[in-house]
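Asks: 3D model of this:
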Amino acid sequence: MEALKIKIFDVLTEKIAVSEFENWLYNSEDIINKMDNNSFIYHLVTFNYKDENWLKYFEDVLNENLINSEFLMLLVMSTCSKLYHSKSSTESFKILNKFIAHFDYETDSSIQYHLYNLYCDYDLYDVGIYSENQFNHTINYSSKDILEAFYKLETLEEKKSFLNRKMKVINDNKSIEKLENQTFKNKILAFLKKI
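Replies: Sure, this is the predicted structure:
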């Protein structure tokens, strides 16, 4: 089951194409043999991956069949992947808005808080403190840092541990830390301009 979950992470973060996941799934005898006894595997195997709305249906199947914490981890990584490929601030905001529906202020990890903060930063763009380029740059580099750090991990336990961390998310390039400092400076400058 660990190999299946890692492949699910890989397809949701676009590390592999959905067609590659589908081929792997159909050619895995171990998974096919469990199909009759496991409704989750049954749904994955009988799912139509060629449908244009496959991702929405796929996420619904995951939400219904995985433990809430596992689904949230998949949602975080899927959100980061979608943000990385986002073409506009409006598209990024819609992606973050969908993520926020699952956000829990009391229990979520630092990565989830970081995504929540990006959602809040949309207001800075909306009132003119950020330009669209600045907002998109922040989204792109933040999501890229999270994905790159995640890709370096191999086991499911390492991936879970990374996504459940309660400390700041910073990779070797420390671009998230730089962006947070820049955001703070922008907020102070905007406040001083209003005085």
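Asks: how far does the strand or helix carrying residue 141 sit from the chain's center?
Replies: Assigned by DSSP states H and E, residue 141 belongs to helix 132-151. Mean C-alpha position of helix 132-151 versus that of the full chain (Cα atoms, centre = their mean, to the nearest Å) differs by 11 Å.
Asks: Report the buried residues of that helix.
Replies: 134-136, 138-147, 149-150 (16 or more other Cβ atoms under 10 Å). All C-beta atoms are positioned from the backbone trio N, CA, C, and that covers glycine.
Asks: Look up how far residue 45 lies from residue 98.
Replies: Here residue 98 is placed at a distance of 27 Å from residue 45 (Cβ to Cβ, to the nearest Å).
Asks: re earlier: what packs against the helix holding residue 141?
Replies: For helix 132-151, the packing partners by 3 or more Cβ pairs under 8 Å, 6 or more residues apart in numbering; DSSP states H and E come out as helix 68-85, helix 89-100, helix 110-126, helix 156-163, helix 175-194.
Asks: So which of these is the most surrounded?
Replies: helix 68-85 (a mean of 20; mean count of other Cβ atoms under 10 Å).
Asks: Tell me what angle that helix forms with helix 132-151.
Replies: Here helix 68-85 points in a direction 130 degrees away from that of helix 132-151 (axes from the mean of the first three to the mean of the last three Cα atoms, to 10 degrees).
Asks: What mean pLDDT does helix 68-85 get?
Replies: Here helix 68-85 scores 85 as its mean pLDDT.
Asks: and if you look at stretch 139-154?
Replies: For stretch 139-154, the per-residue pLDDT averages 89.
Asks: same check, this time on stretch 125-136
Replies: Per-residue scores along stretch 125-136 average to 86.
Asks: now swap in stretch 103-118 and tell me
Replies: Across stretch 103-118, pLDDT averages out at 81.
Asks: Alright, calling it a day.
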